[in-house]
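**Student:** fold the following, please.
(one chain, ligands or ions: 1)
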Amino acid sequence: MHEEELFDVTIIGGGPAGLFSAFYSGLREMKTKMIEFQPFLGGKVHVYPEKMIWDVGGLTPVTGAQLIEQLVAQGRTFDPTVVLGQKVTSLAKDEDGRFVLHTSSGEMHYSRTVILAVGGGILKPTKLTIDGAERFEVTNLHYTVKSLARFKGKTVLISGGGNAAIDWANELEPIAGKVYLTYRKEMLNGHESQVSRLLNSTVSCLLNTTIDRLVAASDHETIKKVVLTRSEDGEQLELAVDDVIINHGYERDKDLLAKSELNIAMENEYFLAGSPMSETSVEGLYAAGDILHHEGKLHLIAGAFQDAANAVNKAKMYIAPDSRAHGMVSSHNEVFASKNKELMKHLYTK
Ligand SMILES: Cc1cc2nc3c(=O)[nH]c(=O)nc-3n(C[C@H](O)[C@H](O)[C@H](O)COP(=O)(O)OP(=O)(O)OC[C@H]3O[C@@H](n4cnc5c(N)ncnc54)[C@H](O)[C@@H]3O)c2cc1C
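**Tutor:** Next up is the predicted model:
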């Protein structure tokens, strides 16, 4: 027996799949831990905090930020142990069949079962390769748009020609003072309707151009001007800006599965080959959300929830084979009895 604390379920990844797994694992009364690389929970919904999400059942449109808030609150319902800022680097089983998780910090975690909710891996925005650019990241060089309001009345340069860059340009156009978009190619690479909206707006699209230099203001801390180079003739164009937003895509760190000691079957380099019940090729190891592939897979947040419940139910059966195959519905489930009492008191004493 390890001296270290042993958990029933350890969930790797704190996105929608991981958070719903944490909730459901608590509902099934299992001792639960969740490990997330980022210093915050919410997964890739953080890429689009200001966008409206319409297709999560039962929720009238919510922004990404609102959805994160609700997912995190739900995920914490049964007080799982949450470890932030740790990357799980390898997965193994010890001689007793328990999972041993190694992390980048050197800390190890021990668990009877594991749920992989790692999405497409750890997302890191592709950064500008201009020397010294990182010093502006604390001021006016951005790799994501956390709040549109921040750019009110500002002159903003967006670099990128994919969906995210185009969406940000369209959304900022009525809010910012002026929006420029620089893209290295001749044709934008987004959804047709969004590209048309952009081309018919006041956004100035500077196609076939790339960022060559960032010119600092006298405080040396903010970007004052950006120098663009046109690919056809090398001509340079200088723009005075208040803010620069970069969306050159994301790099994905998928080392965990690629380097695992366990023989985890993959569908291809992106997806894990699982069953519709969220099982993997390794006993006691389950998967949920974007990482999972099976014939009924729904690549939506709604699909991640079903994967998560299936993964937790399977984990429960693995640990306690005599337990029910499915969790009881929440409306008259005893695990909520004391929480319901509190809620009712609040509801009827308003
Ligand atoms: C721009 C955009 C718009 C979208 N709009 C919608 C929409 O409207 N409706 C909809 O249903 N879906 C939408 N999606 C898809 C949706 O965001 C995903 O399906 C969902 O986030 C998947 O959840 P997940 O938990 O499987 O993975 P993720 O959200 O990717 O979370 C995985 C988490 O695991 C962590 N992680 C990975 N590897 C490790 C490791 N080794 N150690 C520790 N932590 C690790 C990551 O840091 C991440 O936080 C959209 C996606 C994008 C990019």
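**Student:** now do the strands in the stretch 1-150 of the chain.
**Tutor:** Taking DSSP state E, counting those that start in this stretch, the strands of the stretch 1-150 of the chain run over residues 6-12, 32-36, 52-53, 62-63, 81-84, 88-93, 99-103, 108-116, 122-125, 141-142.
**Student:** format those as JSON lines; extra columns: mean neighbour count.
**Tutor:** The way it works is simple: take the backbone N, C-alpha and C, and place the C-beta from them, glycine included. Rendered in JSON lines, the data for the strands of the stretch 1-150 of the chain read as follows (neighbours: other Cβ atoms under 10 Å):
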{"stretch": "strand 6-12", "mean neighbour count": "26"}
{"stretch": "strand 32-36", "mean neighbour count": "25"}
{"stretch": "strand 52-53", "mean neighbour count": "14"}
{"stretch": "strand 62-63", "mean neighbour count": "16"}
{"stretch": "strand 81-84", "mean neighbour count": "16"}
{"stretch": "strand 88-93", "mean neighbour count": "18"}
{"stretch": "strand 99-103", "mean neighbour count": "19"}
{"stretch": "strand 108-116", "mean neighbour count": "24"}
{"stretch": "strand 122-125", "mean neighbour count": "16"}
{"stretch": "strand 141-142", "mean neighbour count": "20"}
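**Student:** would you mind giving these as TSV with distance to the ligand and mean pLDDT added?
**Tutor:** As requested, the strands of the stretch 1-150 of the chain are exported to TSV (distance: least, Cβ to the nearest ligand atom, whole Å; pLDDT from 0 to 100):
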stretch	distance to the ligand	mean pLDDT
strand 6-12	5	98
strand 32-36	5	98
strand 52-53	4	92
strand 62-63	10	94
strand 81-84	9	97
strand 88-93	4	95
strand 99-103	7	95
strand 108-116	9	98
strand 122-125	5	90
strand 141-142	16	96
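**Student:** let me have these in CSV, extended by distance to residue 308.
**Tutor:** Rendered in CSV, the data for the strands of the stretch 1-150 of the chain read as follows (distance: least, Cβ to Cβ, whole Å):
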stretch, distance to residue 308
strand 6-12, 9
strand 32-36, 12
strand 52-53, 17
strand 62-63, 19
strand 81-84, 16
strand 88-93, 18
strand 99-103, 18
strand 108-116, 7
strand 122-125, 19
strand 141-142, 32
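**Student:** next, the distance between the ends of stretch 9-25.
**Tutor:** 7 Å (Cα to Cα, to the nearest Å).
**Student:** good, wrapping up.
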